[in-house]
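> need a structure here:
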Amino acid sequence: SGNCPVARASALLSEVLSRSARSNMSGFWVSGLGTRNSEPVTRNSQLGTRHSPFYNSLVRSLSTFVVSQAGLKKVVAGYHWFDEWARDTLIFLNGYMAVSKDYATVRQLLEQLMDVFYNGLLPATVIDGQPVFNSSDAQLLYINLAYGYFNETQDLEFLKHAYPFLKKLLAGYIEGTELYSMDTDYLINCRKAQTTWMDTKYTPRPGKCVEINALWHNALCIMDEFSTLLGAKDNYTAHILGVRTSFPKFQGNGWLRDTLEDDSLRPNQLFAAALPYPAVGKEWMKKIVESTQRHLLTPVGIRTLPLSHRDYSEYYLGSENERDRSYHNGMIWPWLLGLYHDAAQNLAKHGTTGSYLDIKTLAAFSLPGRQPCPGYIPELYDGFLKPAGCVAQAWSCSEIARILHDHLVNNNQFSNSNKAEIKVRMK
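Residues are numbered from 1 along each chain as shown. Here you go, the predicted structure:
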C-alpha cells in the first residue's frame, strides 16, 4: 500500500502536520509564510490538547491549506487533487477566520479576488493558467464573507474600499450575466447548468435554485445594512420584499424544494435557515432543520439525497463518470454540517425547539478508518461512512473546526439540548 497515491499523500500531509505542530506551541504557521499569526488559536481557551486533541489537530490542519505563491496567498481546496477554487476559498475562510483570527489573511484574499473580477463574475477556478467563470454562487458567498469579516473586525476602511465592488457583484444579479439573472418575481434564475456547487452533469440544476436565492436574499439584506452604515443612498428594500414574497414558491411537503422544478430533499435548503439573514421564518426554519435531521444527517456529514430517493447512490467507486453520478446523489459531505449547525443556532435564537447537533457526535470523525490522512477530514464519505474523494479537504476541516470552536472556545450551549438522534444505515 506504500505505493498507493492516497497512502503517499497521507504520509506527505502527516509530515507537514508534524512539522507544523513542532513549530507551533501558542499559535500556528501559515504555510509558506514566515510570520506567525497575530492571534493564537487557543488564546481564549484553557481547553488545549488534553480536552480535545481532535479539535487541536484540525486547527493545525488549517494552516496547510493557505499557501503563498508569487507574493500572493491562495487556498488549496484539497489534497491531493484540487488547486484553488473561489467557492471553496470563501467557505473555508469563514471557518478559518473564526478559529484563527488571522484577519490579515482573510482581508488579503478578499482584496485579491477584487482584482480578478470580470463581466460581473469571480473566477470559479484557474485551469492551465486561464480563469474559468462558471459559478452562480461565488459572488454571493463573497458578500457573505465580507459581512462576516466586517462583523469580526469592524474594519471600516476595508468596507469603504470594498463597497463599490460589492455593489458591482449585486448589480450582476439584478442586470444579469451570462450565467444568471433576476426574474420578474425577484428570484435569481440560473441560465446555465452546472454552475452551483453541485456541478456534475448528473445534478445540472438550471433554473431557480433554493440556495442561490437564499444567498441572494442574504446579500441584499447585507448590502442594505452596509448602505445605511456608510450613509450611501442605495436602497434595496424593494428587492428584499420581492424575494421574501416569492421565496415561498420553494415550500414543499415538509422541506424546501431544491429548485422550483425539482421537489427533491437536498441539503441546499439549509442555506435558507443558516445564513445571517435567513430567507424563511421560524416555522420553516424548524421544518428545514428537522427534515434534514430525519433524512440526511449522519455523524460525519449531510447526505446529498435521502436513502429513499430514486437517484440515491451509496457507493463512490468506478470510473470518473460513475463517481460523478454518485458525487452529489447520496454522498455525505462533512462541510455541510456547518450549515446545519448555523441553522440550528438561528432556530434556537427564535426560542423554537428543534433537533440540534450533539457535539459529541463529531467524535465519529476520530474513529478508526474515518481519517485517511490523520488530523484532516476528507472530501466526502460514502453511504457506509467510508472516506472517499481527496484525503484532506479545506472546507471539511474548517467547518468542523468552526463548529467545535463555537462550543469549546465560545462555550455555545445551544445545541447541547434536544440533540439530534442520528440513525445510519450500515452494512
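> Would you map the helices across this protein?
For the chain, helices defined by DSSP state H occupy the ranges 5-22, 48-51, 53-62, 86-100, 103-114, 138-153, 156-175, 210-230, 237-246, 271-274, 282-295, 320-327, 336-349, 394-408.
> CA atoms only: put the fifth one into CSV for me.
Coordinates of the C-alpha atoms in helix 103-114 are reproduced here as CSV (Å, rounded to 0.1, in the frame of the first residue of the first chain):
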residue,chain,number,x,y,z
TYR,A,103,-7.9,38.7,9.8
ALA,A,104,-4.9,39.9,7.7
THR,A,105,-5.0,36.8,5.5
VAL,A,106,-8.8,37.0,5.1
ARG,A,107,-8.6,40.6,4.0
GLN,A,108,-5.8,39.9,1.6
LEU,A,109,-7.7,37.1,-0.1
LEU,A,110,-10.8,39.2,-0.3
GLU,A,111,-8.8,42.0,-1.9
GLN,A,112,-7.1,39.7,-4.3
LEU,A,113,-10.4,38.4,-5.6
MET,A,114,-11.4,42.0,-6.4
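> Are there helices or strands packed against it, and which ones?
Contact here means 3 or more CB pairs under 8 Å, 6 or more residues apart in numbering; DSSP states H and E; on that basis helix 103-114 packs against strand 72-75, helix 86-100, helix 138-153, helix 156-175. The way it works is simple: take the backbone N, C-alpha and C, and place the C-beta from them, glycine included.
> deepest of these, which one?
With neighbours taken as mean count of other CB atoms under 10 Å, the helices and strands packed on helix 103-114 reach their highest mean count in helix 86-100, at a mean of 25.
> what's near enough to touch residue 252?
Shown here is residue 252, whose contacts under the criterion CB atoms under 8 Å, 6 or more residues apart in numbering are 263, 265.
> Start the count at 156 instead of 1 going forward.
Sure thing, new numbering starts at 156, so read that last one as residue 407.
> For residue 272, see how far away it is.
Computed as CB to CB, to the nearest Å, the residue 407 to residue 272 distance reads 35 Å.
> Need the helices of the chain in CSV (columns: mean pLDDT).
As requested, the helices of the chain are arranged in CSV below (pLDDT from 0 to 100):
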stretch, mean pLDDT
helix 160-177, 38
helix 203-206, 44
helix 208-217, 93
helix 241-255, 97
helix 258-269, 97
helix 293-308, 98
helix 311-330, 98
helix 365-385, 98
helix 392-401, 98
helix 426-429, 98
helix 437-450, 95
helix 475-482, 97
helix 491-504, 94
helix 549-563, 94
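> doesn't residue 299 make contact with residue 374?
Yes - counting by CB atoms under 8 Å, residue 374 sits close enough to residue 299 to count as a contact (6.9 Å).
> hang on, the earlier thing: save the helices of the chain as JSON lines, and put in distance to residue 285 too.
As requested, these are exported to JSON lines (distance: least, CB to CB, whole Å):
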{"stretch": "helix 160-177", "distance to residue 285": "26"}
{"stretch": "helix 203-206", "distance to residue 285": "44"}
{"stretch": "helix 208-217", "distance to residue 285": "29"}
{"stretch": "helix 241-255", "distance to residue 285": "14"}
{"stretch": "helix 258-269", "distance to residue 285": "17"}
{"stretch": "helix 293-308", "distance to residue 285": "17"}
{"stretch": "helix 311-330", "distance to residue 285": "21"}
{"stretch": "helix 365-385", "distance to residue 285": "25"}
{"stretch": "helix 392-401", "distance to residue 285": "34"}
{"stretch": "helix 426-429", "distance to residue 285": "30"}
{"stretch": "helix 437-450", "distance to residue 285": "38"}
{"stretch": "helix 475-482", "distance to residue 285": "22"}
{"stretch": "helix 491-504", "distance to residue 285": "30"}
{"stretch": "helix 549-563", "distance to residue 285": "22"}
